[in-house]
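A.B. asks: Pasting the sequence and the predicted coordinates here, then a few questions.
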Amino acid sequence: MKKAFTIIILISIFLLFYFLQANFFSWFTIAGVKPNIFIILVLFISLFAGLKIGIPFAIIIGLFLDLMVGKNIGTSAIMFAVIAFIGSYFDKNFSKESKLTMMLMVIGSTCVFEIGSYVLQIFQLSIYVEILPFLNILWKEVLYNTILTIILYPIMQKLGYKIEELFKQQAILTRYF
């Protein structure tokens, strides 16, 4: 019951992030570049809930966004699944206690997502490769996502440890003779 309630909360958080991304951050851009707060959300879910919850959420979020934005379907789903996989790797090898570590995770995840999406779009749409404009947009988005991570970190950490406690329970089986 608690897991179902937590999944409903995660879906509500996604809807809140979707509203923020579509409406609020359209007004607040850095030189015309919006943050991609879904990268932070997918990384957060995979860090604290684990791979079994992170990858399905990542694929669903990616497909939903691809359908809503109208780009080629599947690109965001694939890249968010990669971010979820990377998040589970970070969970096993790095500490979530440090704000600096979380910022570096978001920076790396944003770069992987954007570069991977760009490469997939080059192959799918046969678009012309423009490296300098892409890098200009990339560093602004990385900066924006990092600033948002600094702001959201205390909330993410408190909620994250509650989610981690629920989804990563270690079932201890004792054997009596």
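C.D. replies: Looks like it came in fine.
A.B. asks: List the buried residues for the helix or strand bottoming out on mean pLDDT in the chain?
C.D. replies: Lowest on mean pLDDT, DSSP states H and E among the helices and strands of the chain sits helix 25-27, with a mean of 83. Buried residues in helix 25-27, counted by 16 or more other Cβ atoms under 10 Å: residue 25. Where C-beta positions appear, they are placed from N, C-alpha and C, glycine not excepted.
A.B. asks: Does anything pack onto that helix? Which helices or strands?
C.D. replies: In this structure, helix 25-27 packs against no helix or strand, with contacts taken as 3 or more Cβ pairs under 8 Å, 6 or more residues apart in numbering; DSSP states H and E.
A.B. asks: residues making contact with that helix?
C.D. replies: With Cβ atoms under 8 Å, 6 or more residues apart in numbering as the contact definition, helix 25-27 has outside contacts at 34, 35, 37.
A.B. asks: quick one: the residue lying closest to the first one once chain neighbours are set aside and residue 35, what's the gap?
C.D. replies: Among residues not flanking residue 34 along the chain, residue 25 sits closest, at 4.7 Å (Cβ to Cβ, 6 or more residues apart in numbering). Computed as Cβ to Cβ, to the nearest Å, the residue 25 to residue 35 distance reads 6 Å.
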